[in-house]
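Asker: What follows is a predicted protein model with its sequence.
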Amino acid sequence: MKGEIMAQKQRAVVLFSGGVDSTTCLALAIERFGKDNVVPLSIRYGQKHGKELEAAAAVLAHYGIEGKTMDVTKLFAFSNSSLLMQSDEAVPQGSYKEQQDREGDGPVSTYVPFRNGLFLSAAASLALSLDCGYIYYGAHSDDAAGNAYPDCTEQFYKSMGDAIFEGSGQACSLEAPFINVNKADVVKEGLRLHVPYELTWSCYEGGAVPCGHCGTCIDRAEAFRANGVEDPAIHFAK
């Protein structure tokens, strides 16, 4: 972000869900700062299942890093997002584009209202408390397409980055290294970094294996296919 100053500490908080994008972000932060200077932050927000948090724990064990966990479930108690426990909506099948072709452009039913805004605010407070000068999050252009997830757009990133930079006394900057690339590019970078994708979880359903039909499963499969490799999580589950 603009105006970085030399006083910023070379440590980073990484918003970390245990999925493809956040795990790749984690690997990038480790490459830049070293694992002893990286603080992964996983958040419980009332998800219908705990598979992603189980994946996060497995990835952290792989890297030998201890993460932090917060519970903000009550903040989303009034939302009917199909990702949340209290929702009576089923997680829709089909790609995000197919969902928007049916329902129109704009947020999809799996969008949790202003989730990334709240998560990044929590991450900024943690970063300042732990003497970290950077926050990483894994938004990419596929999630922003059609405004499916408004808190993954480049404009949101720039605005939130400015707010964090100024609100931290110019001590903390927001980094979204994939904001202008798609998920295939994220996977390409992760393959370079030898990310343990076999340990990650992306599916919105909580079954024993990924459903293969929700928007994030479809995006994930296409990203690995574009890189000419089989998704190692699918192979690992066989």
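Answerer: That came through, no problem. Residues are numbered from 1 along each chain as shown.
Asker: What pairs with the longest strand along the chain, parallel or antiparallel?
Answerer: Longest strand in the chain, counting residues (DSSP state E): strand 38-44. Strand 38-44 pairs in its sheet with strand 12-15 (parallel), strand 68-71 (parallel), by DSSP bridges.
Asker: elements contacting whichever helix or strand comes after the last one?
Answerer: Elements were assigned by DSSP states H and E; along the chain past strand 68-71, the next helix or strand is helix 96-103. Counting contacts by 3 or more CB pairs under 8 Å, 6 or more residues apart in numbering; DSSP states H and E, helix 96-103 packs against helix 215-226. Placement of C-beta: from N, CA and C, glycine included.
Asker: how about the helix it packs on: buried residues?
Answerer: When burial is assessed from 16 or more other CB atoms under 10 Å, helix 215-226 yields the following buried residues: G215, T216, C217, I218, D219, R220, A221, E222, A223, F224.
Asker: Show residues contacting the longest strand of the chain.
Answerer: 11-18, 26, 29-30, 53, 56, 60, 65, 67-73, 119, 122-123, 126-127, 130, 132 (CB atoms under 8 Å, 6 or more residues apart in numbering).
Asker: could the strands paired with strand 38-44 go into a markdown table alongside mean pLDDT, mean neighbour count and distance to S22?
Answerer: Output for the strands paired with strand 38-44, formatted as a markdown table (pLDDT from 0 to 100; neighbours: other CB atoms under 10 Å; distance: least, CB to CB, whole Å):
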| stretch | mean pLDDT | mean neighbour count | distance to S22 |
| --- | --- | --- | --- |
| strand 12-15 | 98 | 27 | 6 |
| strand 68-71 | 98 | 13 | 14 |
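Asker: Any chance of these in CSV with distance to A176 as columns?
Answerer: Shown next, in CSV, are the strands paired with strand 38-44 (distance: least, CB to CB, whole Å):
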stretch, distance to A176
strand 12-15, 10
strand 68-71, 20
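Asker: and the contacts of strand 38-44, which are buried?
Answerer: Using 16+ other CB under 10 Å, the buried ones in the contacts of strand 38-44 are 11-18, 26, 29-30, 53, 56, 60, 65, 67, 119, 122-123, 126-127, 132.
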